[in-house]
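[1] All I have is the shape, not the residue letters:
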């Protein structure tokens, strides 16, 4: 008679679970990957410690210019010029106004998420830009601050935000126009999109700054910032139109036929069925265009507007702070990376939230 001995369950080998498994699967899955991993580690080993020494351990964080004794980054330059980098030439006693806009923006985001009613959200979307403009520019009892005094990160955010918000609906209209069956509308849309995409943004900014005022009556002044916003918006709208058109072409023909079968009009079908799907498909490319636009705001310098990068160039010419350009450019790089990375991560969360695929 066979006697069976009950065996104790043993834990899985260490190389089939935990960190060891992750390292084998992700860093050393093949000979080529192993070589690339080793080269990457060597590169990090040779570059990261000196970079940390320069940025952190050997950096000068406080004191005066005369007290600098270390060879690392001299962050006191950023401390001294911080307000200029952020607000440009905005009056110092009125910093509370752009600061209040930032607080209002955070409150608006929270309220937009909390209130699900369409009308409440529409009020927030309409109210925020109006209140923000009044706070920044003035009026209604507030001191007027000309747009020529706007600059730094404040100007960068204004140009990027207006370009993104205004160009989005315009781009959608041109995308729909390019797919229209009406020859005139389709021709206008195609000519506009192809012309704008065929010239660089710097050309449009020059046109908006120099040529656009020629179409207005003699003696009529046209705000320089407004001209830049028009140029940026027209440029971005053409790229958004192509991105949306790609999403529209990805929608199966059956979706259009289903809308026709239940008697939806053209605008009902687009607004309720087609566009929501096209926008969901196009989220990565739309955000990519927005990130590119945010970085392209540096080009407004050529028409005399001082964004955050231009302010760094300007402050480094200060005779009292010569030789501090590296710290300024590193600071601007960090700002751009944080904002662009945040936009990308938020887009990923939106894409994940609206993902309807079953896995």
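    Nice, I can see it. Given the structure is predicted, the values throughout are model-derived calculations rather than measurements.
[2] Let me know whether residue 354 touches residue 280 as I believe.
    Yes. With contacts counted by Cβ atoms under 8 Å, residue 354 reaches residue 280, the gap being 4.9 Å. Yep, even glycine has a C-beta here, placed from its N, CA and C like the rest.
[3] for residue 32, helix, strand, or coil?
    helix (DSSP: H, G, I helix; E, B strand; the rest coil).
[4] now it: how far from residue 24?
    In this view, residue 32 and residue 24 are 15 Å apart by Cβ to Cβ, to the nearest Å.
[5] And for residue 35?
    Residue 35 sits 15 Å away from residue 24, going by Cβ to Cβ.
[6] got it, and residue 318?
    Taking Cβ to Cβ, one finds residue 318 at 55 Å from residue 24.
[7] In contact with the closest residue to residue 152 other than its chain neighbours: list those residues for me.
    The shortest distance from residue 152 to any non-neighbouring residue, by Cβ to Cβ, 6 or more residues apart in numbering, is to residue 88 (3.8 Å). The neighbourhood of residue 88, defined by Cβ atoms under 8 Å, 6 or more residues apart in numbering, consists of 149, 150, 151, 152, 154, 155, 306, 311.
[8] Residue 52: neighbouring residues, count only.
    For residue 52, the neighbour count with other Cβ atoms under 10 Å is 13.
[9] host element of it?
    Assigned by DSSP states H and E, residue 52 belongs to helix 31-52.
[10] how about the next helix or strand after that helix: buried residues?
    The first helix or strand that comes after helix 31-52 along the chain, using DSSP H and E, is helix 76-87. Within helix 76-87, the residues that count as buried by 16 or more other Cβ atoms under 10 Å are 76, 77, 78, 80, 81, 84, 85, 86, 87.
[11] what's the helix or strand for the most centrally placed residue in the chain?
    In the chain, the residue lying closest to the centroid (Cα atoms, centre = their mean) is residue 291, at 3.7 Å. Residue 291 belongs to helix 275-296 when assigned by DSSP H and E.
[12] list the buried ones in the helix or strand following that helix?
    Using DSSP H and E, the next helix or strand after helix 275-296 towards the C-terminus is helix 308-315. Going by neighbour count (16+ other Cβ under 10 Å), the buried part of helix 308-315 is 308, 309, 310, 311, 312, 314, 315.
[13] likewise stretch 132-152?
    132, 135, 136, 137, 145, 147, 149, 150, 151, 152.
[14] ok, so of the residues you listed, who is nearest residue 107?
    Using Cβ to Cβ, the shortest approach to residue 107 within the buried residues of stretch 132-152 belongs to residue 132, at 12.2 Å.
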